[in-house]
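Participant: Here is a sequence together with a model predicted from it:
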Amino acid sequence: MAKAKGYSDPKMEEKLRDRYYYRTDSNPEFSKRIRDISQTVSHMCYQCGTCTGSCPSAPRSSYRIRLFMRRNVMGLEDEALTDPDLWLCTTCYSCTDRCPRDIAPTDVIMAMRNLAAERDIIPVNFLKTVQAIYTTGHGVPNNDVNRAARQRLGLEREPPTVHKYKQYLPGIQKILDHYGLKARADKIVAEAEKHA
Amino acid sequence: MREYAFFLGCIAPNRYPGCESAAIRTSRKLGIELLPLEGASCCPAPGAFGSIDLKIWYAMAARNLVLAEKMKKDIALLCNGCYKSIWDVNHKLKHNDELRDGVNEVLKEIDMEFKGTIDVWHLIELYYDPKIVGVDKVRDSVVHPLTRTRIGVHYGCHLVKPKKEHHFGDSENPMWIEELVGALGAEPIQYRKKMQCCGAGGGVRGYDIAHSLDITNEKMINLHEAKADAVTEVCPFCQLQFDRGQIEIKEKFGKYWGLPVLHYSELLGLAQGMSPAELGLDLHAVDCTPFLKKIL
């Protein structure tokens, strides 16, 4: 085969013979999975930066939604999923409403978080919500101060949710157990507390 | 009387019970009867659950929807977070057969099936809709107008955004909740970055509290600049972030804003003649007295 440029370094030759320049840590499957989970045309991003400009988290952190959109197009899976900034999106959907390409960057972030969770990368506070829902049915459960306040307001001490009708709790636990989420949450939280 | 299954969520009944009793009593005066949705759980929290696995989020929200389907009633709720979970999942499952079949396979284990027979509404849109209640009827229910008060409206994110999926139109500068605040006799004010997030969503409040409070602090600066007497919202989670968040801002950043935070149901309760004690306003972390002094 004819030399592309005539470099003496064979590695450089190899790179230039390729029509595209690939980073070795790029995984095209990653972009496809993001598109499937997020149900948005995430590969259409042309990096205008309207998303970062609209983001309430951007001015006060190193979180840049545009960078995550680029990582998606480039298939930079490890870089995206292990970045702690991934969890600074408040899911306010401002970027989604302003995106000129009609992409939903918020849903791309949610998809990335789902994939990070597959690797057991989940912040502990998310999992504590899971544990609370498993034991009580509520992410923010009732307490004694609130029970007294409810009574004073003429409400029942327990709201007419699964708090009062406890027979519904096993159904909730069955759904979470179907996905094995409680067991995973317990394991990851215990591990994190060991290191804390 | 129109009857709805009242989906409570977590923070209203378990942290701000005044919102719950205010919503039930004020809605009754507007021709809406809110019936208890027995056995409902957390919606579940869209930030926490959706981030871990969207499939589990769909299944858990679908269980709540099935409870209302069995009552043959539409759901009414008072929280934007719940709206995101319950409305979005109802909409997605109704229009995506593959998704619905997957969810129903899980629900079969607890003898439930999602059929897609009901709709989901936020109370605030029922109040605004002239076919259900309408601004005029809200105005007619007022016995104690909140005159001489300047109120900033915080729409929250998950009600109006994303606009192409939801049905509230403009999400850059909507004005319809201002109309409802004006109907109570108060003056709705405009302030910078009205549509900015409260800072709590997406699990950020638990993940990085200082970051989340910094977003809240910016809202407080902008509301203060516009000389607001109070801020109103339609989401107990935003309320928690603004109300308890002001105490946390004082501890972390050393600045105390002291801006009363009231859910629209609580404002409506005051305007319909309910007393602050009946509304449980003493349960708020930020003292509401300066605001109450202006209207009582």
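Facilitator: Arrived safely, thanks for sending.

Participant: Can you report how many residues lie near residue A:181?
Facilitator: Using other Cβ atoms under 10 Å in any protein chain shown, the number of residues around residue A:181 comes to 22. In this view, the C-beta of every residue, glycine as well, is placed from N, C-alpha and C.

Participant: Report the separation between it and chain B.
Facilitator: 6 Å (Cβ to the nearest Cβ, to the nearest Å).

Participant: Quick check: which element contains residue B:188?
Facilitator: Counting by DSSP states H and E, the element that carries residue B:188 is strand B:187-189.

Participant: List the buried residues in that strand.
Facilitator: Neighbour counts over strand B:187-189 (16 or more other Cβ atoms under 10 Å in any protein chain shown) mark B:188-189 as buried.

Participant: now the helices for chain A?
Facilitator: For chain A, applying DSSP state H gives helices covering A:10-17, A:28-38, A:50-54, A:65-74, A:77-81, A:94-98, A:105-118, A:124-136, A:144-152, A:169-178, A:181-195.

Participant: will you turn these into a markdown table that also has distance to residue B:66?
Facilitator: Below are those laid out as a markdown table (distance: least, Cβ to Cβ, whole Å):
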| stretch | distance to residue B:66 |
| --- | --- |
| helix A:10-17 | 56 |
| helix A:28-38 | 24 |
| helix A:50-54 | 36 |
| helix A:65-74 | 35 |
| helix A:77-81 | 34 |
| helix A:94-98 | 29 |
| helix A:105-118 | 24 |
| helix A:124-136 | 17 |
| helix A:144-152 | 27 |
| helix A:169-178 | 10 |
| helix A:181-195 | 20 |
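
Participant: can I see the domain layout of the chain?
Facilitator: With no chain named, the answer covers chain A. A:17-118, A:124-195 (automatic domain parsing).

Participant: sorry, should have said chain B
Facilitator: B:2-123, B:143-295.

Participant: Would you tell me which one of those is buried the most?
Facilitator: When you average the neighbours per residue for each of the domains of chain B (mean count of other Cβ atoms under 10 Å in any protein chain shown), domain B:2-123 leads with a mean of 22.

Participant: What separation do you get for residue A:45 and residue A:102?
Facilitator: Applying Cβ to Cβ, to the nearest Å, the value for residue A:45 to residue A:102 is 11 Å.

Participant: Looking at these two, which one has more neighbours?
Facilitator: residue A:45 (19 against 10).

Participant: Now that one: closest residue in space that isn't a chain neighbour?
Facilitator: Leaving aside its chain neighbours, residue A:45 sits nearest to residue A:69 (4.4 Å; criterion: Cβ to Cβ, 6 or more residues apart in numbering or on different chains).

Participant: Burial check on that neighbour, number of neighbours?
Facilitator: Using other Cβ under 10 Å, residue A:69 is surrounded by 29 other residues.

Participant: Listing request: residues of the chain with sub-threshold pLDDT.
Facilitator: Picking chain A for this. Counting by pLDDT under 70, chain A contains low-confidence ranges at A:1-6, A:17-22.

Participant: I was after chain B.
Facilitator: For chain B, no range has pLDDT under 70.

Participant: In it, which residue sits closest to chain A?
Facilitator: residue B:206 (3.0 Å; Cβ to the nearest Cβ).

Participant: show me what contacts residue A:192?
Facilitator: Residues near residue A:192 by Cβ atoms under 8 Å, 6 or more residues apart in numbering or on different chains: residue A:124.

Participant: My read is that residue A:160 contacts residue B:36, right?
Facilitator: Yes - if you go by Cβ atoms under 8 Å, residue A:160 and residue B:36 touch, sitting 3.6 Å apart.

Participant: Just give the closest residue to the residue in chain A that chain B sits nearest to, not the sequence neighbours.
Facilitator: Closest approach between chain A and chain B, counting by Cβ to the nearest Cβ: residue A:125, at 3.0 Å. Nearest residue to residue A:125 in three dimensions, chain neighbours excluded: residue B:206, at 3.0 Å (Cβ to Cβ, 6+ apart).

Participant: The one you found touches residue A:122, doesn't it?
Facilitator: No - with contact defined as Cβ under 8 Å, residue B:206 does not count as touching residue A:122 (11.7 Å).

Participant: any idea how far residue A:55 is from the residue of chain B closest to chain A?
Facilitator: Residue B:206 sits 19 Å away from residue A:55 when distances are taken as Cβ to Cβ.

Participant: Might you report the residue contacts of the residue nearest to residue A:45?
Facilitator: A:42, A:45, A:47, A:51, A:103, A:105, A:108.

Participant: in chain A, which residue is closest to the centre?
Facilitator: residue A:113 (1.9 Å; Cα atoms, centre = their mean).

Participant: looking at the helices of chain A, which is closest to residue B:284?
Facilitator: helix A:144-152 (11.2 Å; Cβ to Cβ).

Participant: Which stretches in the stretch 101-250 of chain B count as helices?
Facilitator: Along the stretch 101-250 of chain B, the stretches classed as helices by DSSP state H, counting those that start in this stretch are B:123-128, B:135-140, B:176-182, B:204-207, B:209-225, B:236-253.

Participant: Just send the ones you listed back as a markdown table, with distance to residue B:11 too.
Facilitator: Compiled in a markdown table, the helices of the stretch 101-250 of chain B are given as follows (distance: least, Cβ to Cβ, whole Å):
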| stretch | distance to residue B:11 |
| --- | --- |
| helix B:123-128 | 15 |
| helix B:135-140 | 24 |
| helix B:176-182 | 19 |
| helix B:204-207 | 12 |
| helix B:209-225 | 15 |
| helix B:236-253 | 4 |
